[in-house]
Structure formats: structure tokens, C-alpha cells
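> Predicted model and sequence follow; I will ask about them next.
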Amino acid sequence: MAARVVKSSEVKLHIGRPNIQARGPLNSTDCYIVREIYNGENAQEQFEYELEQALETQYKYIIIEPTRIGDETARWITVGNCLHKTSVIAGSVCLLAPLALAPEYARYITLPIGAVSVACAALYGISWQFDPCCKYQVEYDTCKLSRLPLNTLTSSTPVVLIRKDDIHRKRLHNTIALAALMYCVKKICEICAV
């Protein structure tokens, strides 16, 4: 693994983990940097391998210098977030619409919206749930970013990921989607019984 280690009074060098650098109150195992160093024609595969290893090791912060892989990772996380939020919002609308609408019109809104909620939750469960990347969010908070060794990077636009516990958000969208599914099945059974 080709890695460039920068030594300074603020950056600590750790043998065996050449890409880990800490500064300020961060622990040495909190931050991993995927460096943009091109050694040969398989550099992109090396970047992807380093990112996969960092995700599986569960570092608190992962800084991605290579633009292409950083953008792809940020988009992947954004799509997962969109599916999660769509599932929660659509499921909530499905469950609350009957309270605000007349019963004869409610099914025209609740059934399609409920199907969207269930579909988004299912797609998230199939494609994102077991991906180690779903445990991370793109960090934009400048206060948290200032604690990271961003001044040692060669890229001016790195993607910074922060590990967050997602168990509660998974439970939330799964619970709401399941409730929306049960409501939709009940409504379909009522429509078919008539």
C-alpha cells in the first residue's frame, strides 16, 4: 500500500497504519485518510480497496482525497438518505391522510403513497442495509472539520465521512413502512370485499 505520511508537530505518525493521522482531541484510531497517490495503472482500485478497509474497520472519520471515489461515495450515501427519508415521509402521509381527508378520497392518496413507502424501505433494505457505507454520513460541520488534518491533504475538496449509529433510523423507517403496508393491505381487502 503506497501512502505518504506527513510529519509535523500537530500530526502523529503511527507505525503499521500509515494513513492514520490525529490532531487535537482526536484519538489516533479516529481518522483514516484515503490518499490520492497514483502508483501504476491500478490506482483507482487501490483507492477503492483502502476505502473498503477503512469502512470495515469502522473509523470515526474517513477522509477521501481522490475526487472520483469521494463523489461516488457521497452520491451513494445521498441516495440512501433519500430512500430513507422518502420511506418515512410517504409512510407518515399514508397513515395520517385518512385523518385529514374524506374517507372516499383517502384511498386514492394513501394506497399509492403507502406503496412508495414500502418500496423505498425494501430497496433500502436490499441495497443499503448491509453496506458498511450506510453507517456513514458526509460531514459538512466546519467545527468538526477543523479538528481534522485537512491541511495535510493535496486535494482542495476532500469528502469527509463521519460514522453515525443508524439503528434508530432503520427502525423508524421499517416500522413506518410496515405500518403503511398493513394499512394498505387492510384497505385493499376492504375494497375487494365490496
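Received, thanks.

> Find the helix or strand that residue 98 is a member of.
helix 67-100 (DSSP states H and E).

> Ok, residue 50 next?
helix 43-57.

> Show the subsequent helix or strand relative to that helix.
Criterion used, DSSP H and E; the element after helix 43-57 is strand 61-64.

> then the helix or strand of the chain with the lowest mean pLDDT to PDB, C-alphas only?
Lowest on mean pLDDT, DSSP states H and E among the helices and strands of the chain sits helix 142-145, with a mean of 81. The C-alpha coordinates for helix 142-145 follow below in PDB (Å, rounded to 0.1, in the frame of the first residue of the first chain):
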ATOM      1  CA  THR A 142     -16.900  23.300   9.900                       C
ATOM      2  CA  CYS A 143     -16.400  23.000  13.600                       C
ATOM      3  CA  LYS A 144     -15.800  19.200  13.400                       C
ATOM      4  CA  LEU A 145     -13.900  19.600  10.100                       C
END
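
> shaky segments in this structure?
1-29 (pLDDT under 70).

> distance of the residue in the chain sticking out farthest from the centre from residue 107?
Centroid-distance maximum for the chain: residue 194 at 44.4 Å, with Cα atoms, centre = their mean. Note on residue 194: its distance to residue 107, by Cβ to Cβ, to the nearest Å, is 11 Å. Every residue, glycine included, has its C-beta placed from N, CA and C.

> do the same with residue 146
52 Å.

> likewise residue 153?
Residue 153 is 55 Å from residue 107, by Cβ to Cβ.

> What of residue 182?
15 Å.

> same check, this time on residue 71
42 Å.

> what's the answer for residue 181, then?
Residue 181 is 15 Å from residue 107, by Cβ to Cβ.

> if we can go back for a sec, contact partners of the helix holding residue 50?
Counting by Cβ atoms under 8 Å, 6 or more residues apart in numbering, helix 43-57 makes contact with 1-2, 19, 32, 34, 36-37, 39, 62, 64, 66, 68-69, 73, 132-133, 135-136, all of which sit outside it.

> among these, which ones are buried?
Neighbour-count burial (16 or more other Cβ atoms under 10 Å) applied to the contacts of helix 43-57 gives 19, 32, 34, 36, 62, 64, 66, 69, 73, 135, 136.

> Identify the bridge partners of the residue nearest to the last one when sequence neighbours are not counted.
What that stands for is residue 136. Of all residues not flanking residue 136 in the chain, residue 161 sits nearest, at 4.1 Å (Cβ to Cβ, 6 or more residues apart in numbering). In this entry, residue 161 is beta-bridged to residue 62, residue 138, by DSSP bridges.
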